[in-house]
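**Student:** below: sequence and its predicted model.
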Amino acid sequence: MSNIITLNNAVALQLAQQMVNERKTAWEQILRTNQHGDVINNAATVSYDDYKDLTVDVIKAREFMNVGIQDLLSAGLSQPSSINKTIVQYQTMNTFEADVTMNGSNRQEQQTNYDINWIPQPIFHTDFFIPWREEGFSYKESDGVAESVYRVNEKQDLVLFNGASLGVKVSGVDAPLYGYTNHPDTITKTDLTNWALPANIDTITGEAVAIIGELFVGGRVMEPNSVMMYVATDVWSNLQNDYSSQKGDRTVLERLKAISEISDVKPQKDLIAGSVCAVEMRARTVQLSVAQQPIAVPWVKNHTLENGRFTVYSSMVAKIKADRTGKAGVCYATKA
């Protein structure tokens with residue numbers, strides 16, 4: 001007679017579920033303690049507090065910080081949208097004209113005409129999972145969420161500056177996501193010296209003034225403290241040097257911030273080497289349509305032995321605006 005015992009699927013699943021439910025108890029049995037309350041394993045003896053420190057001290061990836069999206073939110077340049085929208089719109093109004101006469105009853109009627117602009121509203125997302133046998137380690141879930149949220153924010157910043165192609169058509173016409181650097185109405189300069197080189201220190205301030213001048217003439221930007229200037233990461237460290245080889249009473253960074261229109265200067269990791277991007281932080285230039293801030297959504301399990309899966313997603317898009325004459329309050333400058 002065979003000694004093999006067979007179980008039907010229902011009994012096997014019940015036993016597996018019981019094992020999962022008792023894994024916390026099983027784990028506590030594995031980590032036995034001695035009479036002093038120390039956790040004993042086959043390699044060494046550590047206190048429980050030390051053990052917890054060892055399990056949660058996770059080394060994160062070293063990355064540059066994201067600044068673009070956060071700057072728009074901090075400046076109040078966001079407005080609510082709906083996650084159900086696949087495209088969002090904004091309107092550009094024509095320019096009115098005024099007159100001055102001795103007779104205020106002279107009528108100069110003008111029609112309010114609008115151009116409608118459509119852009120796709122993308123969903124930024126990333127997934128991660130936790131093996132079902134390790135779901136008792138809650139720190140793994142929090143670390144996974146934190147890392148995923150960072151990656152979503154990183155992708156949002158990349159798209160904000162460099163755009164993305166999603167293969168979307170509106171009325172049969174391609175509708176790519178444009179960023180600051182590749183928008184058709186972005187003002188461009190291609191004659192910068194290399195701001196990353198200390199030998200070019202004396203040219204930086206004059207060229208920064210020229211960038212603001214492009215915004216002043218082309219983008220009609222003249223309000224003090226209204227422009228955010230972003231520089232490539234290779235440029236950033238050089239801005240800490242004295243702004244002039246003959247006069248060193250302030251750094252290049254301090255000198256740039258002294259320009260009336262510039263509110264701040266920040267490094268941005270997605271700009272190409274040696275480049276500079278200046279953006280008017282006003283609603284007439286850019287607004288962030290926000291349908292969903294980053295959120296973590298757990299997947300529903302089909303059974304308890306399935307790995308725990310999570311999706312972190314967000315939905316937002318920057319509406320970079322130009323007037324009827326094709327002028328935008330963005331200037332992108334690259335080195336010659």
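**Tutor:** In hand now; what should we look at?
**Student:** now the strands for the stretch 151-300 of the chain?
**Tutor:** Secondary structure of the stretch 151-300 of the chain (DSSP state E, counting those that start in this stretch): strands located at 169-170, 173-174, 187-192, 227-232, 262-268, 276-280, 286-298.
**Student:** tell me which of these lies nearest to residue 127.
**Tutor:** Residue 127 lies closest to strand 286-298 among the strands of the stretch 151-300 of the chain, at 9.8 Å (Cβ to Cβ). Where C-beta positions appear, they are placed from N, C-alpha and C, glycine not excepted.
**Student:** pull up the pairing partners for the closest one, direction included.
**Tutor:** Taking DSSP bridges as the criterion, strand 286-298 sits next to strand 78-80 (parallel), strand 308-320 (antiparallel) in its sheet.
**Student:** mind listing what's buried along the helix or strand following the first one?
**Tutor:** The element immediately downstream of strand 78-80 (helix or strand, assigned by DSSP states H and E) is strand 87-93. Within strand 87-93, the residues that qualify as buried by neighbour count (16 or more other Cβ atoms under 10 Å) are 88, 90.
**Student:** strand 87-93 relative to strand 308-320, how many degrees between them?
**Tutor:** Here strand 87-93 runs at 10 degrees with respect to strand 308-320, directions being taken by axes from the mean of the first three to the mean of the last three Cα atoms, to 10 degrees.
**Student:** contact partners of strand 87-93?
**Tutor:** Strand 87-93 is contacted by residues 81, 112-121, 168, 170, 175, 287, 289, 317, 319, 321-324 when judged by Cβ atoms under 8 Å, 6 or more residues apart in numbering.
**Student:** so can I have a markdown table of the strands of the stretch 151-300 of the chain showing distance to residue 238?
**Tutor:** A markdown table is the format used below for those (distance: least, Cβ to Cβ, whole Å):
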| stretch | distance to residue 238 |
| --- | --- |
| strand 169-170 | 42 |
| strand 173-174 | 39 |
| strand 187-192 | 13 |
| strand 227-232 | 9 |
| strand 262-268 | 11 |
| strand 276-280 | 12 |
| strand 286-298 | 27 |
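**Student:** redo these as CSV? Include distance to residue 254, mean pLDDT and mean neighbour count.
**Tutor:** Supplementary listing: these in CSV, determined by distance: least, Cβ to Cβ, whole Å; pLDDT from 0 to 100; neighbours: other Cβ atoms under 10 Å:
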stretch, distance to residue 254, mean pLDDT, mean neighbour count
strand 169-170, 45, 84, 12
strand 173-174, 44, 86, 9
strand 187-192, 20, 95, 16
strand 227-232, 13, 98, 24
strand 262-268, 10, 97, 19
strand 276-280, 17, 98, 25
strand 286-298, 26, 94, 17
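**Student:** nearest to residue 125, of the ones you listed?
**Tutor:** Shortest separation from residue 125 across the strands of the stretch 151-300 of the chain is recorded for strand 286-298, at 9.5 Å, computed as Cβ to Cβ.
**Student:** and the contacts of strand 87-93, which of them are buried?
**Tutor:** Neighbour counting with 16+ other Cβ under 10 Å marks 81, 117, 119-121, 168, 175, 287, 289, 317, 319, 321-323 as buried within the contacts of strand 87-93.
**Student:** nearest to residue 154, of those?
**Tutor:** Using Cβ to Cβ, residue 317 comes nearest to residue 154 of these, at 16.1 Å.
**Student:** got the confidence number for the closest one?
**Tutor:** We note a pLDDT of 96 for residue 317 in this prediction.
**Student:** now residue 93
**Tutor:** Per-residue confidence for residue 93 comes out at a pLDDT of 84.
**Student:** residues in contact with stretch 225-237?
**Tutor:** For stretch 225-237, the external contacting residues (Cβ under 8 Å, 6+ apart) are 64, 67-68, 71, 161, 195-196, 208, 211-212, 215, 221, 239, 256, 260-269, 271-282.
**Student:** same thing but 6 Å
**Tutor:** Contacts made with stretch 225-237 from outside it, assessed by Cβ atoms under 6 Å, 6 or more residues apart in numbering, are listed as 71, 195-196, 261-269, 271, 273-282.
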